[in-house]
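1. only geometry, no sequence info:
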């Protein structure tokens, strides 16, 4: 079965500093990897995905992620964090055509 | 903004009540999903409909009954729920078939069982 791990429960950064949220994956075959964000009391919003092609994927709200096959990682990054980026972030891998396996989630807090 | 619309946003029901959650999408997606999410936890898949047919039931108790009346609508009928069923219920949709398709989520329905 496909799986992802988010090694950090919480990430704290100062506004204006770079933000990185880590994700590692374990798959058989080609990975289909996704990042979602959940703001307080909201649903999940899709940020970006890696299917194939360029290892650097650009997404919504200035986020990007780098697919690294040798390190089996798909870290989410933002060059300059905003207070409004404070949220719960989920990495996910597609198990089959319909199932997503989510990581445990990382809570990001950006302080002003 | 999400194009998956869920109603109601909040629902409080007693353990003997019957209620329904509703979901609608107009993206032409032929796969629709119900997820359950507890606070600060990842969503858990409950049901998947593909081309209006139930494709996946993740061993969900029969007190939850899904229905897909047409390609745009998805309902979740609730009956005789337990307090532990209190959670955020998320509807989602995607193009059918293909592991690269993005699953889009609605804002959710907050359910409290008293």
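-> Done, it's in. On a predicted model such as this, the values are computed, not experimentally measured, just so you know. Numbers count the residues shown, from 1 in each chain, chains lettered A, B, ... in the order given.
2. Just give me the neighbour total for residue 104.
-> Since no chain was named, I'll use chain A. Neighbour count for residue A:104, taken as other C-beta atoms under 10 Å in any protein chain shown: 15. Glycine gets a C-beta too; all of them are placed from N, C-alpha and C.
3. nope, chain B
-> 22.
4. give me every residue that touches the residue in chain A that chain B sits nearest to.
-> Proximity to chain B, evaluated over chain A using C-beta to the nearest C-beta, is greatest for residue A:102 at 3.5 Å. Neighbour list for residue A:102: A:4, A:90-92, B:42-43 [criterion: C-beta atoms under 8 Å, 6 or more residues apart in numbering or on different chains].
5. Name the nearest residue to it, ignoring sequence neighbours.
-> residue B:42 (3.5 Å; C-beta to C-beta, 6 or more residues apart in numbering or on different chains).
6. And residue B:81, by the same measure?
-> The shortest distance from residue B:81 to any non-neighbouring residue, by C-beta to C-beta, 6+ apart, is to residue B:113 (4.6 Å).
7. For chain B, which residue gets nearest to chain A?
-> residue B:42 (3.5 Å).
8. For residue B:88, the count of nearby residues, please.
-> The tally of other residues near residue B:88 (other C-beta under 10 Å) stands at 20.
9. Give me the helices and strands touching the helix or strand it falls within, please.
-> Element membership for residue B:88 (DSSP states H and E) is strand B:87-94. Judged by 3 or more C-beta pairs under 8 Å, 6 or more residues apart in numbering or on different chains; DSSP states H and E, strand B:87-94 is in contact with strand B:4-7, strand B:18-25, strand B:31-37, strand B:73-79, strand B:104-105, strand B:109-113.
10. do that again at 6 Å, thanks
-> Packed against strand B:87-94, as judged by 3 or more C-beta pairs under 6 Å, 6 or more residues apart in numbering or on different chains; DSSP states H and E, are the following elements: strand B:4-7, strand B:18-25, strand B:31-37, strand B:104-105, strand B:109-113.
11. Quick check: which ranges of chain B have low pLDDT?
-> B:1-2 (pLDDT under 70).
12. So which bits of it are right by chain A?
-> Within chain B, the positions near chain A by C-beta under 6 Å from any C-beta of the partner chain are B:42, B:48, B:56, B:90, B:97, B:99-100, B:102, B:105-108.
13. 7 Å instead, please
-> B:2, B:31, B:40, B:42-43, B:45, B:48, B:50, B:55-56, B:90, B:97-100, B:102-108 (C-beta under 7 Å from any C-beta of the partner chain).
14. Stretch B:66-74: which residues count as buried?
-> Neighbour counts over stretch B:66-74 (16 or more other C-beta atoms under 10 Å in any protein chain shown) mark B:66, B:68, B:71-72, B:74 as buried.
15. what's across from residue A:106 in the sheet?
-> residue A:89 (DSSP bridges).
16. thinking again about what came up before, so the residue nearest to residue A:102 touches residue A:101, yeah?
-> No: checked against C-beta atoms under 7 Å, the pair residue B:42 and residue A:101 is beyond contact range at 8.7 Å.
17. More neighbours: which of those two?
-> Between residue B:42 and residue A:101, residue B:42 has the larger neighbour count (other C-beta under 10 Å), namely 22 against 19.
18. Helix, strand or coil: sort out the more buried one for me.
-> coil (DSSP: H, G, I helix; E, B strand; the rest coil).
19. Now do the same contact list for it.
-> Contact partners of residue B:42, counting by C-beta atoms under 7 Å, 6 or more residues apart in numbering or on different chains, are A:90, A:102-105.
20. Can you lay out these as CSV showing pLDDT?
-> Supplementary listing: the contacts of residue B:42 in CSV, determined by pLDDT from 0 to 100:
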residue, pLDDT
A:90, 98
A:102, 97
A:103, 98
A:104, 98
A:105, 98
